[in-house]
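1. need coordinates for the below:
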Amino acid sequence: MFTTPEQYVAAHYLPNWYSLIPDLTPETVCFTELEGIQDKLKKLGWDGFFVKDFVKSLKTSLGSRLEHADAIDVLMAEMEKFRGRIEGGLCVRRLEDFRPETEQRFFVLSGVPHSPIGEAVPELVRLVAEKVHLPFYSVDIIQRTDGVWRVVEIGDGQVSDLIGWDTETFVNVWKAEQRDKI
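-> The predicted structure is shown next:
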């Protein structure tokens, strides 16, 4: 295993990495106490919410994007139905207007960020690598409609799909890491 269990959770659970990069990602509030969550969301005063548990969003049924706090109970019930449980608590993210076709995944290995297609690594990913000190993790970024790039998610690279990567490029990242250690 390349990472310790503590390092795994540091990348895998949103509350653990959010505090390292709050200026680079949508505003997020995490709740472990879910009693009265609807009122808590209303008090935020946001126009909409993206809701996930500490690990994943709901990609089935009504999805994770809510326009009104009143729908949170249905979303939580759907999350428990399709995922079996809500892991850790809820992370509620302020909606930002993203361009979905711009989402990209990068990997950071031993502090060095890597691009899936051999081009330059975006400055945003370099900033994340400077602030998040873990042996291996993924960084997903997306562009807002105003042109600003944002971090959508950090994940433990061991459980991240190779979205946008071909296997050979990914393997070469690891080969280069091994050569550097020799």
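
2. how is this structure divided into domains?
-> 28-94, 97-181 (automatic domain parsing).

3. okay if I get those domains as TSV plus mean neighbour count and distance to Thr4?
-> (Each C-beta comes from the backbone N, C-alpha and C, glycine too.) Below are those laid out as TSV (neighbours: other Cβ atoms under 10 Å; distance: least, Cβ to Cβ, whole Å):
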stretch	mean neighbour count	distance to Thr4
domain 28-94	16	18
domain 97-181	15	9
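
4. same list, the ones you listed, but as JSON lines with distance to His12 please.
-> As requested, the domains of the chain are exported to JSON lines (distance: least, Cβ to Cβ, whole Å):
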{"stretch": "domain 28-94", "distance to His12": "6"}
{"stretch": "domain 97-181", "distance to His12": "4"}
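
5. and those as TSV, adding mean pLDDT and distance to Pro15?
-> Output for these, formatted as TSV (pLDDT from 0 to 100; distance: least, Cβ to Cβ, whole Å):
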stretch	mean pLDDT	distance to Pro15
domain 28-94	92	5
domain 97-181	91	11
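
6. element containing Arg150, please.
-> strand 149-156 (DSSP states H and E).

7. list the pairing partners of that strand within its sheet, with orientation.
-> strand 136-144 (antiparallel) (DSSP bridges).

8. so which of the domains of the chain comes closest to Leu20?
-> In terms of Cβ to Cβ, the element of those nearest to Leu20 is domain 97-181, at 4.9 Å.

9. beyond the helix or strand where Arg99 lies, next helix or strand please.
-> Using DSSP H and E, Arg99 sits in strand 98-109. Per DSSP H and E, the first helix or strand lying C-terminal to strand 98-109 is strand 112-114.

10. return the list of strands paired to that following strand, each annotated with direction.
-> strand 98-109 (antiparallel).

11. thanks again, I'm all set now.
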